[in-house]
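Engineer: Below is the sequence, then the predicted model.
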Amino acid sequence: MTITEKTADVPAPRSGEEKSGRLLDVKDLHVEFHTRDGVVKAVNGVNYSVDAGETLAVLGESGSGKSVTAQAIMGILDMPPGKIPQGEIIFRGQDMLKMSNEERRKIRGRKIAMIFQDALSSLNPVLSVGYQLGEMFRVHEGLSRKEAKAKAIELMDRVKIPAAKERVSDYPHQFSGGMRQRIMIAMALALEPDLIIADEPTTALDVTVQAQVMDLLADLQREYNMGLILITHDLGVVADVADKIAVMYAGRIVETAPVHELYKRPAHPYTRGLLDSIPRLDQKGQELYAIKGLPPNLLKIPSGCAFNPRCPKAQDICRTEVPPLVPVTERDGAELAGRGSACHFWKETIHG
Amino acid sequence: MAEPTKDAVPADVTPNVSEVETVDAETPEEAVAAIEAPVERGEPILQVRNLVKHFPLTQGIIVKRQVGAVKAVDGISFDLYQGETLGIVGESGCGKSTVAKLLMTLEQATAGEVFYKGQDITKLSGRALKAVRRNIQMVFQDPYTSLNPRMTVGDIIGEPFEIHPEVAPRGDRRRKVQELLDVVGLNPEYINRYPHQFSGGQRQRIGIARGLALNPEIIICDEPVSALDVSVQAQVINLMEKLQDEFNLSYLFIAHDLSIVRHISDRVGVMYLGKMAEIGTDEQIYDHPTHPYTQALLSAVPVPDPEAREGRERIILTGDVPSPANPPSGCRFRTRCWKAQDKCAQEVPLLAIPERFAGEDTPAAHESACHFAEEKDVVHAA
Amino acid sequence: MPDVTKTTPAEAAAETPVVTMKPADGREAGGARSLWSDAWRDLRRRPLFVISALLILLVLLVSAFPGLFTSTDPGSGDLQKHFLGSPNLGHFFQEDWFGYDRQGRSIYARVVYGARNSVMVGVGVTLLVTFFGGLVGMLAGYFGGFWDSLLSRITDVFFGIPFLLGAMVVLNAFTDRNVWVITGALAFLGWTQIARVMRGAVITTKHADYVMAAKALGAGTKRILFRHVLPNAVAPVIVVATIALGTYIVAESTLSYLGLGFGSDAVSWGADISDATQDIRNNPHTLIFPAGMLSITVLAFIMLGDAVREALDPKLR
């Protein structure tokens, strides 16, 4: 009944041979919201990319712009008040921001699917789960009701919902939180997309269920060789499944790194502060390091580096000049693949 | 409201908790005097005995008849000592928040007792209950909903003084409120602002200031940081630790985040489906867990360190927590347990030091409600 | 253990809050303030409130002292001289400013004198309905259980009675139908809507964490109801009540039209609107002025309600 396993074989970065290379390239994306109080600058020049079979974790606190970026990629931003003043979102070589609504609709769901945090409110309470799963096939592939239902059962089996055949006609409220999240995953998988965006997929779940769902997601990703963008605030969840990490703060990426590197040697004071401020399960610390101050107000992002009022390393330059995301190197100048930091003092942070 | 449910109240499954020295107060004055009496550090200040809360499930619109009960809390016992922090962990639906409400007398217990300095607070009313309320305060989970949006910060923190006017004379209150703001690290000039003008972490500081206003002895914290951003959680945890030393507080710290509970707690209790599965010092629970549920829970916690992670054993439980309206017979965890035997379905395991460790001087010798208790370190890398 | 935190409280305090307030008005330093005093401070600076309050003040003044605004008797007409005379919009406050009706009476004088009955009915019914409906809804919503069942069923019974038909039946029982009788009859039948709105709002509010927090402090029922539940549940009631005010004035006019409102010699906007409907195509001015006054009055109250509702919500200030 219970599987006990050693997880020594955390999936190594996989190479995407079958579904060829680069899936998504986000270039210099900006998103702002025009509100009564002024312009909320939610995303201020984000760059990231995802390959087939790769997991990119986007890590950030509330207001860091991590979810807004995802919504911009999916094309589900509310516009207005949202606005994308500049940037490109290139999916398989095509800029989605230049596509017509019809073209984007075809990509949505079929090529890029999204999993939300709150499964209960993402499912329609008055339709059976089987019907909602089958809807994809009826609409996109023109299957009959019966065929769609058979497909729905197959999907539920694939996300390991026990007794799928019996439960296909149940309604969302009859499932537990973990099972509902599996249904959401099944729905995202239905049309075998190239890329899945999971926005805090396990935040609402209990720890023991969280592990089940994350494992399932990782397995399915491997099986289909999909790209996965995992959006989360939980440094623990990220450590489990990600290949590479992008840390966001105030609408900007402040650090990128392969997963192991980031935890071992953070190159941005914010990342370092985050890592130091989490209590550890395996040792009792004396006191917690706390990043001082508050997350920034997006209406009034501090000048220079947005983190400067909270940063222990801040100097005058940090208050005037926005630090670009620069490659991070070893002390001797040797290149560190995939690493970048948007800090004027990254050298001191990583090596000092 | 608190009609006893049809099901028999469970027998006390925690035989070895200490005897309670009860105080038999004849008059409300005596009761209040007993409540005001000081408790020495390390002495029990709150003693919970076989506490039960069943929420009746009813059917019918006009004539309501009971068809069952959600057994949210089903016979738990523990002591809270003066000056300590007792952490209670468990997944959603395990009854930990209901325990908080029962201790705050926000819900009526179906059965069982809660002794505060020897007085059973479930049976108090009037002046004596008000005196207890002054001494047991609560910090809520969600800083966005636990502050009245239409009251100023001054009114929110000052409200305890209006309800208990004997604590601070009228002319003194404003100054007191400003002192409290200062204590929790907020600018005293913010007194006339409204909650929405603050961030989550600042709001939680306001909630803590409200909890401190009456100079209580016990603060019950129900998930006080789970709604906050990671970078702010540490600030609030540090503040709570500082206040505990400064005001000599005892905390009952309820949370689902095992790492935070380890950090702040002296002792930890693990709840599953309305019962206490295991209880002990933080070292006993985290480094030497003997209950399979605790082991599974600990092993499932994502650790922000990929390398420590890889060496760790992971126990992935199948299935979900069963419904508290219809819990499994015998041991409640048996439906998800890999050690389950026939005995587990028939006999309710007692929360006691397992026989195999009895008398031994080992950290594994702590109370665990499992027939097959066995030590297993799941936290540290192999 | 001194200095446990690495972030000292002072450091955290030095941070500016998420939304900074305008520092110019010296708000930080002042004495203790409450929701109501803040609301009043805020209201005074709102043009919407100032305009609507001035309009309402004017209407109330006209209702109280119609003699100040015209010396013409609204009941006396000269059919030969004034039959349906058209308005002279340049003649401010003169007898023929708004023209004459088909009985040769000055419409301006009738609008002035009609204000009292119309406004008294509208405001009176609204106040009564808000008080009693609000009370019933609050008690039913807050106490729940038996009281909710009882009060809600009573509300449903009244809700089932058609408003106008019911008012007709009730008013038929009275021979002397003065302002009080009409106000009472309309309020008797009209409180259910507010009761329902209030009940719903109270039920939502009473489960809020801050209500639980107040209970945990040992707060009594009165404090919880009036400090915590009511201020947070009152917004939808204000909206419904101010919109309903207009319908009560219109209901009075309908009743007058049917001969069940004020007697034929009484002056009210409703009665005049009813009269005018017979001939709007040829003589629109007989309708436009009383109807316009009604609309402006109703609009003023709705704007006032809106302004008050926003002022009572700190988030919208």
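Structural biologist: Thanks, I have it. Residues are numbered from 1 along each chain as shown, chains lettered A, B, ... in the order given.

Engineer: hmm, the one helix or strand B:R175 maps to touching chain C?
Structural biologist: Remark: B:R175 resides in helix B:173-183, with elements defined by DSSP states H and E. Yes. Helix B:173-183 is in contact with chain C by CB under 8 Å from any CB of the partner chain, via B:R174, B:D182, B:V183. C-betas here are computed from N, CA, C, even on glycine.

Engineer: swap in stretch B:113-123?
Structural biologist: No. On the criterion CB under 8 Å from any CB, stretch B:113-123 is out of touch with chain C, staying 12.4 Å away.

Engineer: Helix, strand, or coil at the closest residue to chain B within the stretch 151-300 of chain A?
Structural biologist: The minimum distance from the stretch 151-300 of chain A to chain B, using CB to the nearest CB, falls at A:G236 (2.9 Å). Following DSSP: H, G, I helix; E, B strand; the rest coil, A:G236 is assigned to helix.

Engineer: three-state assignment of the residue nearest to it when sequence neighbours are not counted?
Structural biologist: Nearest-residue entry for A:G236: B:P302, 2.9 Å, with adjacent residues in sequence omitted and distances by CB to CB, 6 or more residues apart in numbering or on different chains. The three-state label given to B:P302 by three-state DSSP is coil.

Engineer: following the helix holding B:R175, which helix or strand shows up next?
Structural biologist: helix B:200-212.

Engineer: wait, does the next helix or strand after that next one make contact with chain A?
Structural biologist: Next helix or strand after helix B:200-212 toward the C-terminus (DSSP H and E): strand B:218-222. No. Using CB under 8 Å from any CB, strand B:218-222 never reaches chain A; the gap is at least 15.0 Å.

Engineer: Listing partners with orientation, what would you give for strand B:218-222?
Structural biologist: strand B:136-139 (parallel), strand B:250-255 (parallel) (DSSP bridges).

Engineer: Scan the residues of helix B:173-183 next to chain C and report the most crowded one.
Structural biologist: Among the residues of helix B:173-183 next to chain C, the one with the most neighbours (other CB atoms under 10 Å in any protein chain shown) is B:V183, at 19 neighbours.

Engineer: that's a strand at B:S77, yeah?
Structural biologist: Yes. Under three-state DSSP, B:S77 falls within a strand.

Engineer: Look up how far chain C lies from it.
Structural biologist: Here B:S77 is placed at a distance of 23 Å from chain C (CB to the nearest CB, to the nearest Å).

Engineer: right, and that residue touches B:R49 too?
Structural biologist: Yes. B:S77 is within contact range of B:R49, at 5.1 Å (criterion: CB atoms under 8 Å).

Engineer: what about the strands in the chain?
Structural biologist: Let's take chain A. Under the criterion DSSP state E, chain A contains strands at A:3-6, A:22-35, A:38-51, A:55-59, A:82-83, A:88-91, A:94-95, A:112-115, A:195-199, A:227-232, A:244-249, A:252-258, A:326-329, A:335-341.

Engineer: could you do chain B instead?
Structural biologist: B:44-59, B:65-81, B:85-89, B:111-116, B:119-120, B:136-139, B:218-222, B:250-255, B:267-272, B:275-281, B:313-316, B:367-368.

Engineer: mind listing the helices for the stretch 251-382 of chain B?
Structural biologist: Secondary structure of the stretch 251-382 of chain B (DSSP state H, counting those that start in this stretch): helices at B:258-264, B:282-287, B:292-300, B:306-311, B:342-346.

Engineer: Quick check: which of these is nearest to A:A246?
Structural biologist: helix B:306-311 (16.1 Å; CB to CB).
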